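Chemist: build me a structure from this.
(one chain, ligands or ions: 1)
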Amino acid sequence: MKFLVFLGSVRNSTPPSPARLGERVTKAIIACLQSRYGEHDIELIDALDYQLEPVFKPHFAYAKSKAPVELNNLAQKIDSADAYIMVSPEYNHSMSPALANLLNHFGSSLFAYKPSAIVTYSAGQWGGLRAAIGMRSFLSELGCLPVSAMIHVPKAQDVFIENGDVQNGEDQSSWFDYFARTIKQLIWWADATKKQRNEVDPHTLITNFTSAPSQRNTP
Ligand SMILES: Cc1cc2nc3c(=O)[nH]c(=O)nc-3n(C[C@H](O)[C@H](O)[C@H](O)COP(=O)(O)O)c2cc1C
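Modeler: Reported below is the predicted structural model:
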């Protein structure tokens, strides 16, 4: 199966230090996936690689095939993926605005009927838990329902070094065991929804939003 790991941090300045703490958390998640679940196709989607326009124009607002190449490419990757891992810092008790902005560029039909996993971190003691609560609603609206287990890494700078390895004194296998609960749920749901998508194409049963969310058919 194909998994996209979204890294939602684009902050490249200090203070607060260290910047882009999310990079090491994401590397640790990917290292865990590769070492324990390496049979799957895992791709990193780094929000920093997407230079989005300041005036918001989502992928679905462009005339067919007129969208910028990088948006078209990412749309294709999202569409063909079986599951998503969303890695976000907590900013003012909310998810990363860069991650929300990137995801908002794509219609929910590309994400829908597949699962997602929430990974949050912070420099402080709560590990981004409050951001994670909001991410549940956000990802549910996109249609990639988050699995119940979540990963939170408090004081991530004390847990991981820049390359994603653990700091001296931290036990990598304990952290990977913790990650595994969420990852195993994600793999189970990804497998189940993939089989069911092959059995019944949900897009033939439930029409996608093509022009407005008013297409919910509310009387
Ligand atoms: C604008 C801003 C708001 C923040 N708000 C929170 C917060 O609400 N809760 C928290 O635990 N940490 C907060 N922090 C600290 C972050 O956890 C810390 O800076 C972390 O490194 C952010 O991840 P990043 O380096 O990948 O951007 C905030 C940091 C910034 C820059």
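Chemist: pretty sure residue 189 is touching residue 84, no?
Modeler: No - using Cβ atoms under 8 Å, residue 189 is not in contact with residue 84; the gap is 11.1 Å. Heads up, the C-betas are built off the backbone N, CA and C, glycines and all.
Chemist: higher neighbour count, the two?
Modeler: residue 84 (24 against 21; other Cβ atoms under 10 Å).
Chemist: name whatever forms a beta bridge with residue 7.
Modeler: Beta bridges link residue 7 to residue 46, residue 87 when assigned by DSSP bridges.
Chemist: return the residues of the protein in contact with the ligand.
Modeler: 9, 11, 16, 19-22, 89-93, 122-124, 126 (Cβ under 6 Å from any ligand atom).
Chemist: go with 5 Å
Modeler: Contact residues (Cβ under 5 Å from any ligand atom) of the chain with the ligand: 9, 11, 16, 20-22, 89-93, 122-124.
Chemist: at which residues are the helices of the chain located?
Modeler: 21-37, 69-80, 97-104, 108-111, 129-142, 156-159, 172-199, 202-205 (DSSP state H).
Chemist: mind listing what's buried in the longest one?
Modeler: Neighbour counts using 16 or more other Cβ atoms under 10 Å place 172, 175-176, 179-180, 182-183, 185-187, 189-190, 193-194 of helix 172-199 among the buried residues.
Chemist: correct me if wrong: residue 181 contacts residue 149.
Modeler: Yes - applying Cβ under 8 Å, one finds residue 181 in contact with residue 149, separated by 4.7 Å.
Chemist: most neighbours among the residues of the chain next to the ligand, which one is it?
Modeler: Result: residue 22 is most packed of those (other Cβ under 10 Å), 28 neighbours.
Chemist: any idea how far that one is from residue 204?
Modeler: Distance of residue 22 to residue 204, given as Cβ to Cβ, to the nearest Å: 38 Å.
Chemist: and residue 54, by the same measure?
Modeler: 38 Å.
Chemist: and residue 172, by the same measure?
Modeler: Counting by Cβ to Cβ, the gap from residue 172 to residue 204 is 45 Å.
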